[in-house]
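Q: Predicted structure and sequence below. I'll ask about it afterward.
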Amino acid sequence: MDKIVTDNYSRLDHALADFLSARCDLGGEPKSQFRDIVLALSAAQSAGHSCLMMNDAQQTLLSTSNMVSSGEMNTPLVMDGARLYLQRYWQYESSLVADIKQRLTRPVTPPAQLDTLLEKYFPADAESTETDWQREAAAKVTTQAFSMITGGPGTGKTTTVLRILALLQEIHNGELSIALAAPTGKAAMRLQQSLMSGKLQLDLTEDLLDAIPEKVSTLHRLLGPINQSNHFRHNADKPLNCDLLVVDEASMIDLALMSKLLVALAPDARLILLGDQDQLASVESGAVLSDLCASLPEQTLQLKKTYRFSGPIKELATAVNQRSASLAWNILEDSSQDIVNLVSDDVISHMLSHYQGYIKQVKQSNDPEAAFEAFSSFQVLAALRKGKQGVEGLNLELEKRLQSRGIETYRTWYHGRPVMISRNDPSLGLFNGDIGLCLYDETIGQLRVWFEQSDGSLRAIMPGRLPEHETVYAMTIHKSQGSEFPHVMIVLPENINPLLSRELLYTAITRAKVRVDVATTKPVFMHTVNQQVQRNSGLQAKLSGVVS
Ligand SMILES: Nc1ncnc2c1ncn2[C@@H]1O[C@H](COP(=O)(O)OP(=O)(O)OP(=O)(O)O)[C@@H](O)[C@H]1O
């Protein structure tokens, strides 16, 4: 039997392995191998895998255990073909597959006037011989119960979905009930702003415009969180009240949430997922969007032409995505342009020089609007949390250096401290990823933390009331998903690390609108581009109807 034990197990992994092996009956066989398998499964789960592949000997051993079934009993572990799952994740995966299969079999009658409406919303360009991917996508999405529109930044996902919504409302006389959602508050805010400005460009009757909603909620808020529970208020017994749900930034949705989302969607409601399948998968288990796209080509509408994103940032992102490490490195080193830059000197000095505008701003005024404008022009994205070049090390070192520039960073709360919320607090209206700026408020003689709201207005909260948060001169690339910044500095660690991957770097690069600086060395950069995230799951096998 393969040895699958390493030293990298957490206390939780050991606790689960101890718990299950104490209760495991193997008909007299020694339990150490069973314990090793549980340890490895638990660690795989924490690393984002939905399951762990078992070889023949492991399968034989597990088939004798009272802790394992093939899902028909409520055992802690489930063996499905060669895949071993924790019961809960097997349930999520099975439920998601059943739900999607049900939606795939539901016929949607193509509307009679579809060609005319396609021509209205996606007019053919007589001069062009290129495929209009957006029109192709719309032609399919309007005749399917479940679709995924994917594409890199600026390929027109929002533009396309907005026109699809208008087209569908026109068919349904404006009576479709449409819900819009995104995984994070930031992503919801971006979609909302994008739809609002997109609607202004549509030449439609007021009734039709009114029938296209602008309000985008977070997925958690849409589903209705229940305090102290993994469950939501909306489920199969109390489905969401909508005919069509559109979810943006779907690459961020993990297996558990996707499964709960589909359960909460009425069987006859339609679903459109928008996202970039090449981006980093969710922090939690699964790479659901990318698995679904790979399994369901008919439902996947890929937009291939970029409208907003061009020049060296696009070239770098494409080279990284296509695993052309040498080309990507050459683009980074090319000093004939200053849009994409390699930072090989002191990272902190570089951060300081680009936060200078913000520091100057907060030193001369307490105005939150001006502070937000200065702060949001630049953001440091680190690959790791720990270490000198991780988020914690960078924030600490920068704060140290800011002291000599007159910022009182030796206090926990100081005028100018930027923070990011790391836990949702629906009662305060604050969500994971929201950024706040702490500023002195002269009118009350105290520090308050300001947050931007979805309509662009600002509101202040006392520091003591904030849910879990952290300083955010630098944030992790994971946390930056769903956000965009004019100028991004990506900081990779000094040494090769197993957490580095092409998807991580691609996600970071595509957060930048105007300029990207990358602090790295050639070996670390080349390794990162060549590394691909592999996540075990049974979704692809199950969706093609074969359990291997
Ligand atoms: N068919 C088109 N012709 C011309 N411009 C377009 C077209 N489609 C989109 N655009 C423009 O390209 C820009 C990006 O479009 P959009 O925001 O829809 O892309 P996206 O894929 O949703 O981007 P992201 O999610 O990265 O913000 C917008 O300014 C939009 O007006």
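A: Yes, it's here.
Q: So residue 450, which state does it fall into?
A: strand (DSSP: H, G, I helix; E, B strand; the rest coil).
Q: which non-adjacent residue is nearest it?
A: Distances taken as C-beta to C-beta, 6 or more residues apart in numbering put residue 368 closest to residue 450, at 4.1 Å, once the chain neighbours are dropped. For every residue, glycine as well, the C-beta is placed using N, CA and C.
Q: For the one you found, the count of nearby residues, please.
A: Neighbours of residue 368 under the rule other C-beta atoms under 10 Å: 22.
Q: these two touch, right, it and residue 461?
A: No: using C-beta atoms under 8 Å, residue 368 is not in contact with residue 461, being 11.8 Å away.
Q: Report pLDDT for the most centrally placed residue in the chain.
A: Closest to where the C-alpha atoms of the chain average out (C-alpha atoms, centre = their mean) is residue 252, at 2.5 Å. Predicted confidence (pLDDT) for residue 252: 92.
Q: do the one 5 residues further on as well
A: The predicted local confidence for residue 257 comes out at a pLDDT of 95.
Q: That one: neighbour count?
A: Residues near residue 257, counting by other C-beta under 10 Å: 21.
Q: so what's it up against?
A: 183, 219, 282, 284 (C-beta atoms under 8 Å, 6 or more residues apart in numbering).
Q: Inside helices: which ones of those?
A: Among the contacts of residue 257, the ones falling in helices (DSSP state H) are residue 219.
Q: Which pair of the contacts of residue 257 spans the longest distance?
A: Farthest pair in these (C-beta to C-beta) is 219 and 284. Separation: 12.8 Å.
Q: Next up, the contacts around the closest residue to the ligand within the stretch 401-548 of the chain.
A: Evaluated by C-beta to the nearest ligand atom, the stretch 401-548 of the chain has residue 484 as its residue closest to the ligand, separated by 6.8 Å. Contacts for residue 484 (C-beta under 8 Å, 6+ apart) come out as 153, 190, 511-513.
Q: Separate out the buried members of these.
A: Buried subset of these (neighbour count, 16 or more other C-beta atoms under 10 Å): 153, 190, 511-513.
Q: Same list (the residues you listed) but as JSON lines, adding distance to the ligand and pLDDT.
A: Listed next are the buried ones among the contacts of residue 484 as JSON lines, based on distance: C-beta to the nearest ligand atom, whole Å; pLDDT from 0 to 100:
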{"residue": "153", "distance to the ligand": "3", "pLDDT": "85"}
{"residue": "190", "distance to the ligand": "7", "pLDDT": "86"}
{"residue": "511", "distance to the ligand": "10", "pLDDT": "93"}
{"residue": "512", "distance to the ligand": "11", "pLDDT": "94"}
{"residue": "513", "distance to the ligand": "9", "pLDDT": "92"}
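Q: which of those lies closest to residue 300?
A: residue 153 (17.8 Å).
Q: Which residues of this structure lie near the ligand?
A: For the chain, the residues in contact with the ligand under the definition C-beta under 6 Å from any ligand atom are 134, 151, 153-159, 194, 307-308.
Q: try 5 Å
A: 153-159, 307-308 (C-beta under 5 Å from any ligand atom).
Q: Highest neighbour count among the residues you listed?
A: residue 157 (25 neighbours).
Q: who are the neighbours in contact with that residue?
A: By C-beta under 8 Å, 6+ apart, the neighbours of residue 157 are 149-151, 248, 274-275, 303.
Q: if I look at it, how far off is residue 317?
A: 16 Å (C-beta to C-beta, to the nearest Å).
Q: Remind me which helix or strand the residue in the stretch 301-450 of the chain that the ligand sits nearest to belongs to.
A: Closest to the ligand within the stretch 301-450 of the chain is residue 307: 3.1 Å, counting by C-beta to the nearest ligand atom. Residue 307 is part of no helix or strand, with elements assigned from DSSP states H and E.
Q: List phi and psi for it.
A: Main-chain dihedrals, residue 307, degrees, to the nearest 10: phi -110, psi -30.
Q: Grab the nearest non-local neighbour of residue 132.
A: In space, residue 132 is closest to residue 122, 6.3 Å off (C-beta to C-beta, 6+ apart).
Q: my guess is the one you found contacts residue 135, does it?
A: Yes: with contact defined as C-beta under 8 Å, residue 122 and residue 135 form a contacting pair (3.7 Å).
Q: Surely residue 221 touches residue 427?
A: No: under the criterion of C-beta under 8 Å, residue 221 makes no contact with residue 427, lying 11.6 Å away.
Q: The two: which has the busier surroundings?
A: residue 221 (16 against 8).
Q: Nearest spatial neighbour of that one, chain-adjacent residues omitted?
A: residue 426 (6.5 Å).
Q: what residue ranges in the stretch 401-548 of the chain score low on pLDDT?
A: Within the stretch 401-548 of the chain, the segments meeting pLDDT under 70 span 454, 545-548.
Q: Show the residue spans covered by the strands in it.
A: Assigned by DSSP state E, counting those that start in this stretch, the stretch 401-548 of the chain shows strands spanning 418-421, 435-441, 446-452, 458-461, 469-471, 474-476, 485-491, 512-519.
Q: Sheet partners, orientation included, of the longest one?
A: So the one you mean is strand 512-519. strand 340-343 (parallel), strand 485-491 (parallel) (DSSP bridges).
Q: chain center to that strand: distance?
A: 20 Å (C-alpha atoms, centre = their mean, to the nearest Å).
Q: now swap in the fifth one and tell me
A: Taking C-alpha atoms, centre = their mean, one finds the center of strand 469-471 at 20 Å from the center of the full chain.
Q: so what strands line up beside that strand?
A: When DSSP bridges is applied, strand 469-471 pairs with strand 418-421 (antiparallel).
Q: ok, residues contacting the partner strand?
A: 375, 430-438, 449, 466-473, 475, 479.
Q: returning to that earlier point: list the residues that contact the residue nearest to residue 450.
A: 437, 439, 450, 458, 460.
Q: low-confidence ranges in the stretch 51-200 of the chain?
A: In the stretch 51-200 of the chain (pLDDT under 70), no residue qualifies.
Q: Break down it into its helices, ranges please.
A: 56-63, 87-105, 114-121, 133-141, 157-171, 185-200 (DSSP state H, counting those that start in this stretch).
Q: Just name the most buried of those.
A: helix 157-171 (a mean of 22; mean count of other C-beta atoms under 10 Å).
Q: Would you mind listing the buried residues in stretch 237-247?
A: So for stretch 237-247, counting by 16+ other C-beta under 10 Å, buried means 240, 242-247.
Q: swap that for stretch 300-309, sorry
A: Quick answer for stretch 300-309 (16+ other C-beta under 10 Å): 300-303, 306, 309.
Q: Could you dump those residues into a markdown table with pLDDT added?
A: Putting these into a markdown table (pLDDT from 0 to 100) gives the following:
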| residue | pLDDT |
| --- | --- |
| 300 | 95 |
| 301 | 95 |
| 302 | 94 |
| 303 | 94 |
| 306 | 86 |
| 309 | 73 |
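Q: Is it possible to get JSON lines of those residues that adds distance to residue 144?
A: Listed next are the buried residues of stretch 300-309 as JSON lines, based on distance: C-beta to C-beta, whole Å:
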{"residue": "300", "distance to residue 144": "11"}
{"residue": "301", "distance to residue 144": "9"}
{"residue": "302", "distance to residue 144": "15"}
{"residue": "303", "distance to residue 144": "16"}
{"residue": "306", "distance to residue 144": "25"}
{"residue": "309", "distance to residue 144": "27"}
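Q: Many thanks, we can stop here.
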